[in-house]
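Participant: sequence and predicted structure are below.
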Amino acid sequence: MKRTLTGALALFASVSATAQTLPLWEAGVVVGAVTSPAYPGAAEKTSRALALPFFVYRGEVIRTDQGGIGARVVHTDRVDFDVGFAGSLPSHDVAAREGMPDLGLLLEFGPRLKYLIANPTPSSRLRIELPLRAVFEVHAGVRRQGTTFEPRLVWDTRENGSPFGYDLSVGAVFGDRGINRYLYDVAPQYATATRPSYSASAGLMLVRAGASASYRFRPDVRVYVYAREESYAGTANLDSPLVKGRNGASFGVGVRWTLGRSARNAVSAQ
């Protein structure tokens with residue numbers, strides 16, 4: 001999936017911390033820049049500079065964070081089950097899709113299971129995340145475009161009192177025929193001499209590895225960077241004429257300035 005918006009949200013995410021150090025809510029401004037493939041397999045990059053207000057809420061049920069907005073249904077020491085939203089920005093002026101409809105704003109909604117596998121050290125966690133999401137395009141109305149499943153393994157760490165935070169992740173994205181057709185189909189009316197018609201199938205869309213880091217300059221100012229590498233080798237629609245490469249990279253950098261926070265701490269950090 002296109003992940004520019006989710007990547008931007010990750011710029012102001014709080015990298016792993018303890019419940020005692022996280023307020024119930026925070027609000028402020030984030031300024032940053034992100035670049036990513038226009039869609040998985042595209043030759044073109046989509047780059048954007050962003051200046052956005054942010055609001056993070058860490059309630060027992062309703063929560064907003066780098067993963068989107070959602071409601072936590074189950075929470076134990078090892079298991080979290082929530083239902084939430086995520087999204088990705090539209091892509092325009094892609095050479096491989098010349099004469100075809102642009103890809104619109106995509107919103108994703110669905111459940112996510114998170115399971116804590118281990119605490120390798122007192123300040124780090126290893127967990128698996130299993131989000132299943134319906135994908136909707138917002139463009140002259142709202143239209144269902146399929147379903148994705150994005151299992152990933154995440155390791156994160158942050159020492160209490162340290163200004164640094166880090167996380168590493170590896171995962172894959174699988175899509176049903178609907179979302180793959182949306183991204184990779186070439187209908188006969190859009191076929192050309194260099195772009196034959198193509199009918200996409202369900203299956204693996206990409207494999208992704210990522211890393212992010214943050215540094216707190218002052219209590220209210222934190223800098224974030226992230227990088228992700230995607231591989232499309234062995235994916236279900238590698239033969240689509242819209243797939244122009246076997247890998248792609250995403251990068252982002254941002255500064256978060258917190259203007260206000262609650263005096264009350266969150267019940268739990270995650």
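Facilitator: Yep, that arrived.

Participant: can you report how many residues neighbour residue 124?
Facilitator: For residue 124, the count of nearby residues is 16 (other CB atoms under 10 Å). Backbone N, C-alpha and C define where each C-beta goes, glycine included.

Participant: ok, what's across the strand from the spatially closest residue to it that is not a sequence neighbour?
Facilitator: Using CB to CB, 6 or more residues apart in numbering and skipping residues adjacent in sequence, the residue nearest residue 124 is residue 157, 3.6 Å away. On the basis of DSSP bridges, residue 157 is bridged to residue 124, residue 166.

Participant: just the pLDDT at residue 157, thanks.
Facilitator: As predicted, residue 157 sits at a pLDDT of 91.

Participant: what's the burial count for it?
Facilitator: Residues near residue 157, counting by other CB under 10 Å, number 20.

Participant: which residues does it contact?
Facilitator: By CB atoms under 8 Å, 6 or more residues apart in numbering, residue 157 lies in contact with 16, 121, 123-125, 165-167.

Participant: rebuild those as TSV, extending it with distance to residue 31.
Facilitator: Shown next, in TSV, are the contacts of residue 157 (distance: CB to CB, whole Å):
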residue	distance to residue 31
16	23
121	33
123	29
124	29
125	29
165	19
166	22
167	21
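
Participant: filter those residues to the buried ones?
Facilitator: 16, 123-125, 165, 167 (16 or more other CB atoms under 10 Å).

Participant: got those residues as JSON lines, with pLDDT columns?
Facilitator: What follows is these, written out as JSON lines (pLDDT from 0 to 100):
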{"residue": "16", "pLDDT": "43"}
{"residue": "123", "pLDDT": "89"}
{"residue": "124", "pLDDT": "92"}
{"residue": "125", "pLDDT": "94"}
{"residue": "165", "pLDDT": "91"}
{"residue": "167", "pLDDT": "95"}
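
Participant: between these, which sits nearest residue 40?
Facilitator: residue 167 (21.8 Å; CB to CB).
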